[in-house]
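Student: how would this look folded up:
(chains A and B)
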2 protein chains.
Amino acid sequence: METVTKAAPVRVSFDTSPERYRHWKLSTEGPIATLSMDVREDAGLSSDYRLKLNSYDLGVDIELADAIQRIRFEHPEVRAVIITSLKERIFCAGANIFMLRGSSHAWKVNFCKFTNETRLAIEDASGNSGLKFLAALNGICAGGGYELALACDEIFLVDDGNSAVSLPETPLLGVLPGTGGLTRVVDKRRVRRDLADVFGTVAEGVKGRRAVEWRLVDAVYPTSQFMERVTKRAQELAAGSDRPAAAQGIRLRPLTPQVTDDAIRYSSVSLEIDRDKRVARLTVTGPDAQEPSTPDEIQQAGDRFWPLRAFRELDDVLLRLRIHEPLIGTVVVRTEGDPASVLAVDDTLLKHQDHWLVREIIHFAKRTLKRMDLTSRTFFALIEPGSCFAGTLFELAIAADRAYMLDDPEKPSTIALSGMNGGPLKMSNGLTRLETRFLGEPDRVGTLLSHGKPFDPQQAFEAGLVSFAPDELDWEDEVRLAIESRASLSPDALTGMEANLRFAGPETMETKIFGRLTAWQNWIFQRPNAVGDKGALTTYGSQSRPEFDYNRT
Amino acid sequence: METVTKAAPVRVSFDTSPERYRHWKLSTEGPIATLSMDVREDAGLSSDYRLKLNSYDLGVDIELADAIQRIRFEHPEVRAVIITSLKERIFCAGANIFMLRGSSHAWKVNFCKFTNETRLAIEDASGNSGLKFLAALNGICAGGGYELALACDEIFLVDDGNSAVSLPETPLLGVLPGTGGLTRVVDKRRVRRDLADVFGTVAEGVKGRRAVEWRLVDAVYPTSQFMERVTKRAQELAAGSDRPAAAQGIRLRPLTPQVTDDAIRYSSVSLEIDRDKRVARLTVTGPDAQEPSTPDEIQQAGDRFWPLRAFRELDDVLLRLRIHEPLIGTVVVRTEGDPASVLAVDDTLLKHQDHWLVREIIHFAKRTLKRMDLTSRTFFALIEPGSCFAGTLFELAIAADRAYMLDDPEKPSTIALSGMNGGPLKMSNGLTRLETRFLGEPDRVGTLLSHGKPFDPQQAFEAGLVSFAPDELDWEDEVRLAIESRASLSPDALTGMEANLRFAGPETMETKIFGRLTAWQNWIFQRPNAVGDKGALTTYGSQSRPEFDYNRT
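Tutor: Sure, this is the predicted structure:
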C-alpha cells in the first residue's frame, strides 16, 4: 500500500533558523542551552499526517540539525545542551508512523539517513567541540525519541511510575530502530546484548530502576526534582568544557542560491543538471587570494569566510541532490580556482585550528565530506587545467569514486596536498581519506604528505593519487565513456557497491550505523512483512492486525 | 519472475565425501593437496539449470566445504592446498546465474551465507591450522570464481592473453559480488578503492600485468610455466607450516541421524520441531564420564570423541534447520548431562590444544558456534536441572539471544565457566562471547573466568551470565510467554535485530562480509532492478535487455 511514490512530498528546504522554528524552542542561559521539542501537530511537511505526541518528520529534524549547528557557531559560550520537551508527560514518540507508511522507499531511506547524520552531529559536537548533551526525558520516550536520547552524552528519565524508554519498532511496526538505536544500545551504552534483545521486543519499554540497571538511562529522578537535577548535572558537565566564555558567535545567514530548472548556483558552488544523461556537474570555486588569515579577521568575515561559505553551500547542494534529484545517478566533481589560494586558506585553518571558530569550520567541512561519502550517487572527479584540487579541496577528489586527471603538457594541471589531508578531515571509519586509499601501503601516506610541492599528472598517477591520467587525445572519449557506462548500470547495485567500497578499512560505531544497521533496515523496508498490504507498518493504528509470512530469511 | 518459491529446490544433504564428489577432485601428494574444480553440468541440485563453465550451485559448494574439512582432519600431512580447475581455459564462472534467477529470496540468502562460510573456513584453516591456499587460475575467473580465489592466501593467474579475473555482478546482473568479493578486494587484498570501483564495473575484468599492479592477483605466469611456478610456491608455503608430517589423520564418517517428520536425532544432538508453534527444541547431550584424555586416546576415538561428534551433529542440524525449516523461527536450546564431564573434556582440550587434532576439534567447535551466531533464528537457552551448560556448552547459552535459568532451591541447576570461555572459541568479531557480552564491564570477564566453581541461579543472574532466573512458580509462564511472544513478531524484523545485536563491538573483515556486504546484497535481492520481470538478474542471457528504474536510493 505504498501510495506515495513521489520522491519528496513537497519541495523541502533545509534552510531554517530559530525564529522560524515551528517544532523546537532554543534558549540559552549562560553556558547552558535548552532545546525543547514542542512539535506542532499540524505543521508536518505533508498534510497527510499529523505530528501527534511530539512525533517527527524530516521538517522537525531539519530544525534540530539547524539548532545544533547554530549552537556551535552562534553560541560559543554554550557548553552543555539539555534536550527536552515542552509537552507534558511526553518527550517524543519517535518518527511519525503515518509519515513513514505513506512514504516511498527512497524517502524512507533519505529520511533515515538525514536523521542519522543529525544524531551523529550531536556526537561530533560532544567529541570535538566541547559541548555536552543531556537528554532530559520528561515523559514517554519511544523509538526515534529514545534514539535521539542515545545520541546524547547522558540520559535522564523522569521517575513518575509511567514514563519509560522504549524501542517498539520491532514489536509494533515490524521494522528496526534504524536511527542508530540498535547500534548505540549495544555499542555506545554497552547494554548487554541479551537485555538489548528483551528491550528491543518489549513495546512498553523499560522504566525506573531497571532502566538504570540495564544501562538504558544514566539516572531516574522524581518529577519534583527532575529539571533541577538535570540542570545541576549540565552545569557540572559545562565546567569541563574548553569553549570560550567571552567569545562572540558568528551569524549563519541564509544561503541564497539561484535555482533554475537545471541548475543551483551559490557563491562558490554550482550544480548543473543534465537530466537526459542523468548526470550533474558539481563545481566548487576556490577562495580569493585575499582571505582572512587571523582569528580576528575570520571572526569578522563570519559566514563569508570561504571554507565555511563553500562547505555550507556544498552541504546544502548535496542535501538537495539527495532529496530532489533521485534520477541523477552520477555527479562529475570539478573545481575552479588557484590551488595556491586553497593552500593558503589551509595554512590559516591549520595554524589556528585551536581557535573555537576555526575548529568549528574544520569540523563542519569534515561533516560535509562525510555527507558526500554517504550520498548514494557516483562521484567522478575531473582534474583539468584551471582546477584547484589542493589540500581541503583535494578531499573531493579522493572522496569521489574515481578521479581522472588530464595529462596535457600544453595545459598543465596539478594537484597538491596539505596538512588538511593528514588528519583534520577524517572519514567516519576513523581514518583519513589518504589512509583509507592506501590501506595496502600505509607508509605511502606520510611520504606523499611530505612531498611539499604540487604533483603533475604523471606524478599524481604514479603516486596513486588519481585513478587515470589520460592524455589530451584520449581525455574526452575516456571520460565520456566512463560517465555513460556508469549511467547505464543498475542504480541499486551501484548504491550497494559504493556503500561497500567507500568504507574500506575499520568500522566504527558510526560506520556500523550506516553499514550494518541501515542496510538491514533498507532490506526490511522492502519486505512485505513491513510494507505490504498486511505488513506491520501498513496496518499499525488501523483496525486490522498485521499478517506475517513467518518464513525466516 | 521469481517462479520458484519453495524454500529448497530439493532435499539437500550436507553429507558427502571425496569418493562421492561429482564436481571436485581432491588429490594429495605429500604436503601438497590439489583441489580441482570440474563441475558436472548435468549434476546441479535442480534440473532447471545446467552448471556450465564450472559455475556452481549449493551442491558444488557443499563438496568444497567438505573437502576443506577433510584436509584438516583426514590429511594432517597436507600443508598447502592448490585450488584449480580441470577445465581448459576456465577456472570458474561463479555462481550459476540461472540457479540464482530461479531461486526464492530465502534460497539466495541461504546459498550466499553457506558459500561465505565456506570461504571463511578456508581463511580459518590458513589463519589457525597451518594450511596455506593458492588459487591457480588457469583460465577465466569470474564473479564467485574470483571470490573463491580471494579467500586463498595467494592468487596466480595464467598469462595467456585472454584469462582475466572479474567481478561482473554489478555490470551484468545488477547485484553485488556478495560472497565477500567487495569486502576482500578492499579489505584483504587492499586494492585501492578507486581501482576497485573500476574493477567492479568492468564486466570483462582485468588481466595480465594490470591485475598484478592493481593487487588483484599476486602474479601472472605464462601457460607453459604456470603449474610449475604455482607448485613451487606451494612448496615454499608448505615449508613454513607447523602441521605434523608423520601424523595419521582421522576419518570423518557420515552422520546417521534418525530423521522423522518432526525430529532429527543424532547421538548427542536432537531437534524436535513443533510446527504449530513454529518452535524447535534443540538438545545437546554432554559427554560420558569416560572420554579420552590423551592425544593418543583422542586420535583413536576419532570422530567418536564427544566434542567432535557433538559439534559435527550441531553443525549439521543448524544447516538443516536453515534450509529445510524456514518456518521455525525460535529455537529453544537445552543441554542434558553432567557439567563435570563437560569440564573434564574442556580440560583435555585445553591441555592438548597444541596437538594438531585437538586444535582442529577446537576450531571446528568455534566455527560451528559462529554458524549459530549467523543463523537467522531466535535462540533462547533454557537452563534447568539436569543440564550441563558448562565451559564449551555454556557458549550455547551466551550465543543464544537470551538465557533463562530456573531458580528452584529444590532442584538446583548450575552453570560453570572454563578456559574454553576465555579465548579458544572467539566470535567473528574477534572477541570471546563473554567479552562481547560484557563490553560495558570488561573487567568482569576476568573475574568470572577465575570464579573457579559453579554458579547457582542467583549467582549466575547477579553475575550477568543469564538474562533471567525465574523461580519455580514463575518459570513455566515466563518461558512460555517469552517464546509465544517471540513467535508472534515479524520474522524479518527479528532477523535484522538479531543481526545487529549479536555483533556488538568491533567489526572485522569477517563480520563486514555478513553485516555490511550481505545486508546490502539482501536489499538488492529484493529490488525490481535485479529480480523484477525486467531486472538484470531476470533478463541475463535472454533476448531482452534489463530495464532499470534509474532512481537512486
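Student: Thought A:Gly430 was touching A:Pro506, still the case?
Tutor: Yes - if you go by Cβ atoms under 8 Å, A:Pro506 and A:Gly430 touch, sitting 5.9 Å apart. (Each C-beta comes from the backbone N, C-alpha and C, glycine too.)
Student: Quick one: residues contacting the most centrally placed residue in chain A.
Tutor: Note on chain A: the residue nearest the mean C-alpha position is A:Glu117, at 2.9 Å, using Cα atoms, centre = their mean. Listed by Cβ atoms under 8 Å, 6 or more residues apart in numbering or on different chains, the contact partners of A:Glu117 are A:65, A:367, A:370-371, A:374.
Student: Can you mark which positions in the strand or helix carrying it are buried?
Tutor: Secondary structure from DSSP states H and E places A:Glu117 in helix A:105-128. Residues A:105-126 are the ones in helix A:105-128 that count as buried (16 or more other Cβ atoms under 10 Å in any protein chain shown).
Student: mind listing what the helix or strand just after it pairs with, with the direction of each?
Tutor: Next in sequence after helix A:105-128, counting helices and strands by DSSP H and E, comes strand A:132-137. When pairing is defined by DSSP bridges, strand A:132-137 lines up against strand A:80-85 (parallel), strand A:154-158 (parallel).
Student: Now do strand A:132-137 against helix A:105-128: the angle between them, please.
Tutor: 120 degrees (axes from the mean of the first three to the mean of the last three Cα atoms, to 10 degrees).
Student: right, and the helix or strand after strand A:132-137?
Tutor: Per DSSP H and E, strand A:132-137 leads on to strand A:140-142 as the next helix or strand towards the C-terminus.
Student: That following strand packs against which elements?
Tutor: strand A:90-92, strand A:164-166 (3 or more Cβ pairs under 8 Å, 6 or more residues apart in numbering or on different chains; DSSP states H and E).
Student: A:Val358: which of these is closest?
Tutor: For the helices and strands packed on strand A:140-142, proximity to A:Val358 was assessed by Cβ to Cβ; strand A:90-92 is nearest, at 34.3 Å.
Student: Could you pull out the buried residues of that closest one?
Tutor: Under the neighbour-count criterion of 16+ other Cβ under 10 Å, strand A:90-92 has A:90-92 buried.
Student: Show the secondary-structure elements that the helix or strand hosting A:Gln458 is packed against.
Tutor: If you go by DSSP H and E, A:Gln458 is part of helix A:457-462. On a contact count with 3+ Cβ pairs under 8 Å, 6+ apart, helix A:457-462 meets strand A:402-405.
Student: helices and strands around the strand it packs on, which ones?
Tutor: Contact here means 3+ Cβ pairs under 8 Å, 6+ apart; on that basis strand A:402-405 packs against strand A:378-383, helix A:457-462, helix A:475-487, helix B:193-199.
Student: Any chance of TSV for these, columns mean pLDDT and distance to B:Gly139?
Tutor: Below are these laid out as TSV (pLDDT from 0 to 100; distance: least, Cβ to Cβ, whole Å):
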stretch	mean pLDDT	distance to B:Gly139
strand A:378-383	98	32
helix A:457-462	98	31
helix A:475-487	97	26
helix B:193-199	98	19
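Student: can you put the ones you listed in JSON lines and add distance to A:Asp242?
Tutor: Rendered in JSON lines, the data for the helices and strands packed on strand A:402-405 read as follows (distance: least, Cβ to Cβ, whole Å):
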{"stretch": "strand A:378-383", "distance to A:Asp242": "35"}
{"stretch": "helix A:457-462", "distance to A:Asp242": "39"}
{"stretch": "helix A:475-487", "distance to A:Asp242": "45"}
{"stretch": "helix B:193-199", "distance to A:Asp242": "35"}
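Student: okay if I get those as JSON lines plus distance to B:Ser166 and mean neighbour count?
Tutor: Output for the helices and strands packed on strand A:402-405, formatted as JSON lines (distance: least, Cβ to Cβ, whole Å; neighbours: other Cβ atoms under 10 Å in any protein chain shown):
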{"stretch": "strand A:378-383", "distance to B:Ser166": "20", "mean neighbour count": "25"}
{"stretch": "helix A:457-462", "distance to B:Ser166": "23", "mean neighbour count": "18"}
{"stretch": "helix A:475-487", "distance to B:Ser166": "15", "mean neighbour count": "16"}
{"stretch": "helix B:193-199", "distance to B:Ser166": "8", "mean neighbour count": "24"}
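Student: Of all those, which one is nearest A:Asp42?
Tutor: strand A:378-383 (39.3 Å).
Student: Each with direction, which strands does that closest one pair with?
Tutor: Strand A:378-383 has these strand partners (DSSP bridges): strand A:330-336 (parallel), strand A:402-405 (parallel).
Student: Could you point out the helix or strand that follows that strand?
Tutor: Heading C-terminal from strand A:378-383 (DSSP H and E), you reach helix A:394-399.
Student: before we move on, the earlier item: for chain B, which of the helices and strands packed on strand A:140-142 is the nearest?
Tutor: strand A:164-166 (14.0 Å; Cβ to the nearest Cβ).
Student: which residues touch the residue nearest to A:Thr170 when sequence neighbours are not counted?
Tutor: Distances taken as Cβ to Cβ, 6 or more residues apart in numbering or on different chains place B:Ala493 nearest to A:Thr170, at 4.4 Å, with adjacent residues excluded. Going by Cβ under 8 Å, 6+ apart, B:Ala493 touches A:169-170, A:173-176, A:524, A:529-530, A:536.
Student: Please apply the same query to A:Gly139.
Tutor: Neighbouring residues of A:Gly139 by Cβ under 8 Å, 6+ apart: A:85, A:87-91, A:158, A:160, A:163.
Student: for chain A, which spans come out with low pLDDT?
Tutor: A:1-10 (pLDDT under 70).
Student: Specify the stretch among the helices and strands packed on strand A:402-405 that is closest to A:Leu327.
Tutor: Of the helices and strands packed on strand A:402-405, nearest to A:Leu327 by Cβ to Cβ is helix A:475-487, at 10.2 Å.
Student: Check which residues of the next helix or strand after the closest one are buried.
Tutor: Helices and strands here follow DSSP H and E; after helix A:475-487, the next one along the chain is helix A:491-501. For helix A:491-501, the neighbour count (16+ other Cβ under 10 Å) marks A:491-501 as buried.
Student: got the angle for helix A:491-501 vs helix A:105-128?
Tutor: Going by the same axes, to 10 degrees, helix A:491-501 makes 20 degrees with helix A:105-128.
Student: Count the residues that sit near the closest residue in space to A:Thr432 that isn't next to it in sequence.
Tutor: Distances taken as Cβ to Cβ, 6+ apart place A:Lys426 nearest to A:Thr432, at 5.6 Å, with adjacent residues excluded. Look at A:Lys426: counted by other Cβ atoms under 10 Å in any protein chain shown, it has 16 neighbours.
Student: Narrow the contacts of A:Glu117 to those in helices?
Tutor: Members of those lying in helices (criterion: DSSP state H): A:65, A:367, A:370-371.
Student: Output those in TSV, with distance to chain B and neighbour count appended to each entry.
Tutor: Shown next, in TSV, are the ones in helices among the contacts of A:Glu117 (distance: Cβ to the nearest Cβ, whole Å; neighbours: other Cβ atoms under 10 Å in any protein chain shown):
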residue	distance to chain B	neighbour count
A:Ala65	21	21
A:Arg367	21	21
A:Lys370	16	21
A:Arg371	15	19
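Student: How far away from the center of its chain is stretch A:502-515?
Tutor: In this view, stretch A:502-515 has its centroid 14 Å away from the chain centroid, taken as Cα atoms, centre = their mean, to the nearest Å.
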